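1. I would like to see how this sequence folds:
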Amino acid sequence: MWWSTAAEKLKLPSPEEALPGRAEAIPTAERHAVTGRPLKGPHPADHERILFAMGCFWGAERLFWQAEGVSSTAVGYAGGLSSNPSYREVCSGLTGHTEVVEVIYAAQPGVLEGLLSLFWERHDPTQGMRQGNDVGTQYRSAIYWETEAQAQLIERSRAQVEESLNRGGHSASGASLTTTIAAMPTFYFAEAEHQQYLHKNPAGYCGLKGTGLSCAFSPAR
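-> All right, here's what the predicted structure looks like:
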């Protein structure tokens, strides 16, 4: 039987330890429960795509579908080793995946900057393999980009966040950013029940909690 111990859930699995996954995609919803748009597209041609991981994806997805300039969102898994994993497999700690939100947004000035501010402010990017009481590799912080322009903007925002953390005294306590920033890996859609979960279950769990710091992003810097 596969599962991982508490200590193992804080460590990414090796290729030999990872679950194999499956060839077929896990069934998911056809349409976004809030917007009615096709969950897998096609999306508008003048939009871009990015993946954010900031702990449990239920609350994170709601944050982004409400954001200005966003046309669609979906939750899923990325950054690991197992193909087409299930939620239970990801929570085992043996896939290497983190819970992510796919965000489809208008490629207009200021939109990505706003999304990055939400990302940095609304979770704690210094906690490693956890967010608050949620412990495990699937809760680690990450941004996965699709274009070089996105990557450059993300790196500038990261530098500004580090400055903000230093000014807030976090560096004195040994805290530093643990967010992974990387080119976009394969995104696997989560099961239908997890898509727009807090729209379907308004009283459901949301573990989002920031550092209390302002991370408004000024791209001109």
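
2. who's in contact with the most centrally placed residue in the chain?
-> When C-alpha atoms, centre = their mean is applied to the chain, the residue found nearest the centroid is Ala53 (1.6 Å). If you count contacts by C-beta atoms under 8 Å, 6 or more residues apart in numbering, Ala53 has them with 60, 78-79, 98-101, 140-144, 180. Every residue, glycine included, has its C-beta placed from N, CA and C.

3. Likewise for Val100?
-> With C-beta under 8 Å, 6+ apart, Val100 has these contacts: 51-53, 57, 75-79, 142, 144, 187.

4. go on, Leu39?
-> Here Leu39 is in contact with 28-32, 72, 74, 189, 195 (C-beta under 8 Å, 6+ apart).

5. Quick check: next helix or strand after the helix or strand of the chain with the lowest mean pLDDT?
-> Every helix and strand of the chain was ranked by mean pLDDT, DSSP states H and E. The lowest is helix 148-167, at a mean of 92. As assigned by DSSP states H and E, the chain's next helix or strand after helix 148-167 is strand 180-183.

6. Contact partners for the nearest residue to Gly79 once chain neighbours are set aside?
-> Computed as C-beta to C-beta, 6 or more residues apart in numbering, the closest residue to Gly79 that is not its neighbour in sequence is Thr98, at 5.0 Å. Listed by C-beta under 8 Å, 6+ apart, the contact set of Thr98 reads 53, 77-80, 137-140, 142, 180.

7. quick one on the thing from earlier: secondary structure and distance to Glu148 added to the contacts of Leu39, as CSV?
-> Formatted as CSV, those follow (DSSP: H, G, I helix; E, B strand; the rest coil; distance: C-beta to C-beta, whole Å):
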residue, secondary structure, distance to Glu148
Thr28, coil, 29
Ala29, coil, 32
Glu30, coil, 32
Arg31, strand, 32
His32, coil, 28
Ser72, strand, 23
Ala74, strand, 24
Phe189, strand, 26
Gln195, coil, 30
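
8. Which one of those is nearest to Arg156?
-> Minimum distance to Arg156 across the contacts of Leu39 is 25.8 Å, recorded for Ser72 (C-beta to C-beta).

9. what's near enough to touch the closest one?
-> Per C-beta under 8 Å, 6+ apart, neighbours of Ser72: 32, 35, 37, 39, 41, 43, 65, 103-104.

10. do that again at 7 Å, thanks
-> Applying C-beta atoms under 7 Å, 6 or more residues apart in numbering to Ser72 gives the contacts 32, 35, 37, 43, 104.

11. Buried subset of these, written for ChimeraX?
-> In ChimeraX syntax, the buried subset of the contacts of Ser72 is picked out as below (16 or more other C-beta atoms under 10 Å):
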select :32,37,104
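
12. want to throw the contacts of Ser72 into JSON lines with pLDDT and distance to Glu163?
-> Formatted as JSON lines, the contacts of Ser72 follow (pLDDT from 0 to 100; distance: C-beta to C-beta, whole Å):
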{"residue": "His32", "pLDDT": "98", "distance to Glu163": "36"}
{"residue": "Thr35", "pLDDT": "95", "distance to Glu163": "36"}
{"residue": "Arg37", "pLDDT": "96", "distance to Glu163": "37"}
{"residue": "His43", "pLDDT": "96", "distance to Glu163": "34"}
{"residue": "Ile104", "pLDDT": "98", "distance to Glu163": "30"}
